[in-house]
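Q: Model the following, please.
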Amino acid sequence: MVEMITQNSSSDLEQVMQQMAEHKGCGTSGGSGKASCGSAAGQGDLPTEIWEKVKNHPCYSEEAHHHFARMHVAVAPACNIQCNYCNRKYDCANESRPGVVSEKLTPEQAAKKVVAVASVIPQMTVLGIAGPGDPLANPAKTFRTFELIAQTAPDIKLCLSTNGLALPDLVERIAQYNIDHVTITINMVDPEVGAKIYPWIFWDHKRYTGVEAARILSEHQLRGLEMLTERGILCKVNSVMIPGINDKHLVEVNKAVKSRGAFLHNIMPLISAPEHGTVFGLNGQRGPSAQELKALQDECQGEMNMMRHCRQCRADAVGLLGEDRSAEFTTDKIMAMDVSYDLEARRTYQAAVEDERQAKVAAKQEELAKLAGVNSEVSLLVAVATKGSGLINEHFGHAKEFQIYELSTVGAKFVGHRRVDMYCQGGYGEEDTLETVIRAINDCHAVFVAKIGGCPKADLTAAGIEPVDEYAHEFIEKSALVWFKGYLAKVASGEITHQARGDAQIRQGAIISAA
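A: Numbers count the residues shown, from 1 in each chain. The predicted model follows:
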């Protein structure tokens, strides 16, 4: 009888998950019950109304992040909670992490900046407010900014990121302003775990601490998520992986947010360098290794779709994910500009970008067809130096990050990125920097680059990482699959023996600014 009740409860839960997934435009499929949509989904995988929302949103679509840009405007300085991994500071142009900005803006300044950036970067399709505090702790400034942008740049998608404490009270205003993408940072659903992450919250004119603070925060986050998904607003959940505190618990978080209709779950590594001045940074709390992060993401992938391409952006970031052009658009420069917003020119440019994206997808499918019938259990990781557009188009020495793909006979799957400091400084290679680059991609069998010098090529080869430069300026996934097919042929012939690689280090202090 107990077994029958358990089976029925499981079936009921699965039915609820299916209904919630269908409500937001995604069905569930397969034995895992995972919603059949997510950041890797393409046009044929999603209902039309969902595809229109994500097709050119770089944070909600893995494909789109290669081609389309986003910008954040820093209009929300106040915050209503304290996180042990956060320290908001200003005038830090060379540091890339959430909560950091070089200057705060008024809504009017932000609106003009958005129009100026969109005129210069026509592939900029998304405007987000993510701080440097919490947008919903600054509702007047946040919604005034969205109102102005909707009037002057109606084609730009509006999105916000929040800790969720004030979310239930502001869901109706979010819907009113046609903000159809909301990211909520949810690090726990157990207040005992939350008390180790959040020292305090400020709610209803009162400061709460400890377990009580975490309980209130969690209740508001989950209720807000439910309210948003009931209104058809796409929700992404961010979670910071903190080894020894919530790393195992995030599996439960994953189940909880899936059951409430979240579209994507983004598990990010803790950034805890001592120089950032955070509680975790100063008390020696470590972040996860690359393989620890991937293992947790893979475990949660069985429940729902994961975002793997997050860059943990600054609150004033501008450009493609992985780049920051905010230094080109300071307030002084923007205020002096005579801006003309050409909507038709933007649409024409974006149509060309979409054609390029379709060509990339077709090239990948062509190579996948050639892999059909190849029988191999081998899977491995490769690193790619790219400036964007889904191309291998960056010099090894100029790379500020490497994108990581997992190759198997199933295809090429994007699984993350690794920030690095540039190897080439002033025209010369830095050997100390090269060592850190190698550690950052140490779990990869190969690194694909547009060009590479003799010295780093030799050092990479000695470290067991094959430098591959014969696919310069070609599509990433197609080229990686061509190389992988050749690798499998060498393994089959006995020319090489496939061996697993070691772990890799997630670089926290790497610089990826435009400077």
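Q: Was I right to think Glu356 contacts Ser389?
A: Yes. With contacts counted by C-beta atoms under 8 Å, Glu356 reaches Ser389, the gap being 6.5 Å. In short, each C-beta sits where N, CA and C put it, glycine included.
Q: More neighbours: the two, which one.
A: Counting neighbours by other C-beta atoms under 10 Å for Glu356 and for Ser389 shows that Ser389 has the greater number, 17 against 14.
Q: where's the more buried one relative to Ser479, distance?
A: With distances taken as C-beta to C-beta, to the nearest Å, Ser389 is found 13 Å from Ser479.
Q: Repeat that for Lys236.
A: Lys236 is 30 Å from Ser479, by C-beta to C-beta.
Q: pLDDT weak spots in the stretch 301-450 of the chain?
A: Applying pLDDT under 70 to the stretch 301-450 of the chain flags residues 303-304, 307-315, 317-324, 424-430.
Q: Now do the SS call for Asn266.
A: State at Asn266, reduced to three classes by DSSP: H, G, I helix; E, B strand; the rest coil: strand.
Q: Give me the distance from stretch 209-218 to the chain's centre.
A: Stretch 209-218 sits 27 Å away from the centroid of its parent chain (C-alpha atoms, centre = their mean, to the nearest Å).
Q: shouldn't His144 be in contact with Pro107?
A: Rather than His, residue 144 is Arg. Yes. Contact criterion C-beta under 8 Å: Arg144 and Pro107 qualify, at 4.1 Å.
Q: Show me the contact partners of stretch 241-248.
A: 85, 187-188, 193, 196-197, 239-240, 250, 253, 267-270, 280, 285-288, 292-293, 296 (C-beta atoms under 8 Å, 6 or more residues apart in numbering).
Q: how about the CA coordinates for it, as CSV?
A: C-alpha atoms of stretch 241-248 as CSV (Å, rounded to 0.1, in the frame of the first residue of the first chain):
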residue,chain,number,x,y,z
MET,A,241,27.2,27.2,-6.0
ILE,A,242,29.0,27.5,-2.6
PRO,A,243,31.0,24.3,-1.8
GLY,A,244,30.2,22.9,1.6
ILE,A,245,27.2,25.2,2.1
ASN,A,246,24.6,24.7,-0.7
ASP,A,247,26.3,22.6,-3.4
LYS,A,248,24.4,19.4,-2.5
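Q: any idea of the mean pLDDT in that stretch?
A: Mean pLDDT, stretch 241-248: 96.
Q: With stretch 83-92 instead?
A: The pLDDT scores in stretch 83-92 average 68.
Q: can you give me the helices for the stretch 51-200 of the chain?
A: 62-65, 107-120, 139-152, 167-176, 191-194 (DSSP state H, counting those that start in this stretch).
Q: Just give me the lowest mean pLDDT stretch among those.
A: Among the helices of the stretch 51-200 of the chain, helix 62-65 scores lowest, with a mean of 66.
Q: okay, now Ser340: neighbour count?
A: 9.
Q: From what I see, it and Ser119 are in contact.
A: Yes. Counting by C-beta under 8 Å, Ser340 does reach Ser119; the two are 6.6 Å apart.
Q: Tell me which of the helices of the stretch 51-200 of the chain is the most buried.
A: Compared across these, helix 62-65 shows the largest average neighbour count, a mean of 24 (mean count of other C-beta atoms under 10 Å).
Q: Now the common contact residues for Glu356 and Ser389.
A: Joint contacts of Glu356 and Ser389 (C-beta under 8 Å, 6+ apart) are His67.
Q: what's the burial count for Trp200?
A: 14.
Q: repeat for Lys255
A: 17.
Q: That one: helix or strand, and which one exactly?
A: helix 250-259 (DSSP states H and E).
Q: How about Arg347?
A: Short version, using DSSP H and E: Arg347 is in helix 343-371.
Q: Relative to the helix or strand following that helix, what are the paired strands and their orientations?
A: Later in the chain than helix 343-371, the nearest helix or strand by DSSP H and E is strand 380-384. Strand 380-384 pairs in its sheet with strand 401-408 (antiparallel), strand 444-448 (parallel), by DSSP bridges.
Q: Tell me which of the ones you listed sits most buried.
A: strand 444-448 (a mean of 25).
Q: In PDB, list the C-alpha atoms belonging to it.
A: Once non-C-alpha atoms are left out, strand 444-448 reads as follows in PDB (Å, rounded to 0.1, in the frame of the first residue of the first chain):
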ATOM      1  CA  CYS A 444      40.200  20.000 -22.400                       C
ATOM      2  CA  HIS A 445      41.700  17.800 -25.100                       C
ATOM      3  CA  ALA A 446      42.100  20.600 -27.600                       C
ATOM      4  CA  VAL A 447      41.900  24.300 -28.000                       C
ATOM      5  CA  PHE A 448      40.600  25.800 -31.200                       C
END
